[in-house]
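> no sequence for this one, just the structure:
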């Protein structure tokens, strides 16, 4: 059974994590994700877990590192400037192959920037962010309901691949409220503690487990890297997620994620009502990027006279654009519309851009 | 997918009453900006409206101003109530403006659609500016003061809004208020209810005066 409640995106993410059996949260306040940490402060102890307001973002991510090593489902959250501070810890978590969920409710940058919504941390999230050859799986919700629903998936993927997961939202999604369905407490299936064979639980009557990212012996670090790359290849093959709209008939395909995708969707619906052949791809996983879908679209349509035109819309200056261009690989034209630092492309801007590029 | 299905089931199993309302306006979409001073209950006004609309199975977004808002500064929130999925929660031009102080009027006076509804708190806004033909002025704060609690000015404004835009019935709003109130604050329900009804009456009696003349 589920019930319907009015929650902000931040609160929904926190509730989703609790529903997923997260038993450890450490964080440090920063606007616009403060509702998340305060919801955790109020509700994590009630759920029988541990809540810590750390002394810094760096301390918070390292607390998650430690908690995760014990086999506990652990998470932290922050917003852009705080996320930069966490990168060292995320690199260590990736290097030690520990599961963890890190939420970034993006705000305007660079530097301290401001607190308006933005999507400018796309590169940081999808390219690794910290030092070393690693990737986090990046999930981008576009509604408050999805913000809640992606949390159990995040923890499952983290455990499955022993890899850090980044949930990438923005200030607007974090702050806005929408009615959502949540599980009633009694029927939360996932709230059991999961036993993990590799976890550091005290090695009584078994061989000690070792969790480390320092490999000095010749060839040992290369071996770890090869193992990681093998894992990333599997993730790339199996975990590409997206939502799509009208792809079969579309002459212009908008690619947008998160809050931007719902604005694009409204634009698509308006244009469709006027008979314009417009479609939408909304990547749900930003890494791995749903490139297979784009490849399929282009290979399926190459007998047609015209391949579709792609329009990338983002609240940043051409970050996801690169992934779309890589996937398109020169086989179609890719146009771009983007604003950042508090500017949000509007429905009208998208519609007039499409008219300009000939949709 | 599953969520959409659940939505569909819930939306298709409306009560007869709301089904009728749904049929009357299949594409209802109302965009409201509520603005005033920090401490005037602006956010709460919006939340009550959103909670009530949720009980009628509408799509809703509620977006607060989350800058460096402080008591005495300006505060605003944007609410969209719709029968369809909502794109951006941000409002450029509103169907309705509820303005509780002078600063907010300055900030939002150009953000209203042609012929949009404006509800103005005449206790603080004393000018004769006419921005929209549907610009209604009531002394929400003075009426609240006379009722014995200055803080319920927001509920009087909400009552007045409900009488002007018939998208939600008063009973649903009262139910929302009752369910939103935490146990230790239950004693406040009664005065909020009274304020809501007073606001409603305010507009209705003004209508009678207009049509009677």
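Arrived safely. Bear in mind the structure is a predicted one, so any value in this text is a computation, not a measurement. Numbering: from 1, shown residues only, chains lettered A, B, ... in the order given.

> which ones are touching the residue of chain A found nearest chain B?
Per C-beta to the nearest C-beta, residue A:266 is where chain A lies closest to chain B, at 2.6 Å. For glycine as for every other residue, the C-beta is placed from the backbone atoms N, C-alpha and C. Contacts for residue A:266 (C-beta atoms under 8 Å, 6 or more residues apart in numbering or on different chains) come out as A:347, B:85-88.

> if we go to 6 Å?
For residue A:266, the contact set (C-beta atoms under 6 Å, 6 or more residues apart in numbering or on different chains) comprises A:347, B:87.

> host element of it?
Per DSSP states H and E, residue A:266 falls inside helix A:258-273.

> chain center to that helix: distance?
When distances are taken as C-alpha atoms, centre = their mean, to the nearest Å, helix A:258-273 is centred 21 Å away from the chain's centroid.

> try stretch A:10-27
Per C-alpha atoms, centre = their mean, the centroid offset for stretch A:10-27 relative to its chain is 15 Å.

> and the most centrally placed residue in chain A, its phi and psi?
Most central in chain A under C-alpha atoms, centre = their mean is residue A:139, positioned 2.6 Å from the mean C-alpha point. The phi/psi pair for residue A:139 (degrees, to the nearest 10) reads phi -110, psi 140.

> likewise for residue A:35?
phi -60, psi -30.

> that one against residue A:7, yeah?
No: using C-beta atoms under 6 Å as the test, residue A:35 is too far from residue A:7 to be in contact (9.1 Å).

> ok, residues contacting the longest helix belonging to chain B?
Under DSSP state H, the helix in chain B containing the largest number of residues is helix B:189-212. Helix B:189-212 is contacted by residues B:138, B:149, B:152, B:155-156, B:159-160, B:162-164, B:174, B:177-178, B:181 when judged by C-beta under 6 Å, 6+ apart.

> dump the residues you listed to CSV, plus secondary structure and distance to residue A:284.
CSV is the format used below for the contacts of helix B:189-212 (DSSP: H, G, I helix; E, B strand; the rest coil; distance: C-beta to C-beta, whole Å):
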residue, secondary structure, distance to residue A:284
B:138, strand, 47
B:149, coil, 47
B:152, helix, 44
B:155, helix, 41
B:156, helix, 44
B:159, helix, 42
B:160, helix, 43
B:162, helix, 39
B:163, helix, 43
B:164, helix, 41
B:174, helix, 40
B:177, helix, 37
B:178, helix, 38
B:181, coil, 38
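
> list buried residues within those residues.
B:138, B:152, B:155-156, B:159-160, B:162-164, B:174, B:177 (16 or more other C-beta atoms under 10 Å in any protein chain shown).

> could you dump these to TSV with pLDDT and distance to residue A:64?
Below are the buried ones among the contacts of helix B:189-212 laid out as TSV (pLDDT from 0 to 100; distance: C-beta to C-beta, whole Å):
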residue	pLDDT	distance to residue A:64
B:138	94	53
B:152	97	45
B:155	97	43
B:156	97	48
B:159	97	48
B:160	96	49
B:162	96	47
B:163	95	52
B:164	93	51
B:174	97	44
B:177	97	40
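
> and the residue in chain B that chain A sits nearest to, helix, strand or coil?
As assessed by C-beta to the nearest C-beta, chain A sits closest to residue B:87 within chain B, at 2.6 Å. Of the three states, residue B:87 takes coil under DSSP: H, G, I helix; E, B strand; the rest coil.

> can you show me the helices along chain B?
B:2-12, B:16-24, B:42-55, B:102-108, B:140-147, B:153-164, B:170-180, B:189-212.

> residues from the stretch 201-350 of chain A in reach of chain B?
A:262-263, A:266 (C-beta under 6 Å from any C-beta of the partner chain).

> redo that, cut-off 7 Å
A:262-263, A:265-266, A:344, A:346-347 (C-beta under 7 Å from any C-beta of the partner chain).

> what stretches of the chain score poorly on pLDDT?
Here I'm looking at chain A. A:1-2, A:184-193, A:301-305, A:359 (pLDDT under 70).

> wrong one, I was asking about chain B
In chain B (pLDDT under 70), the answer is B:1-26, B:67-72, B:207-213.
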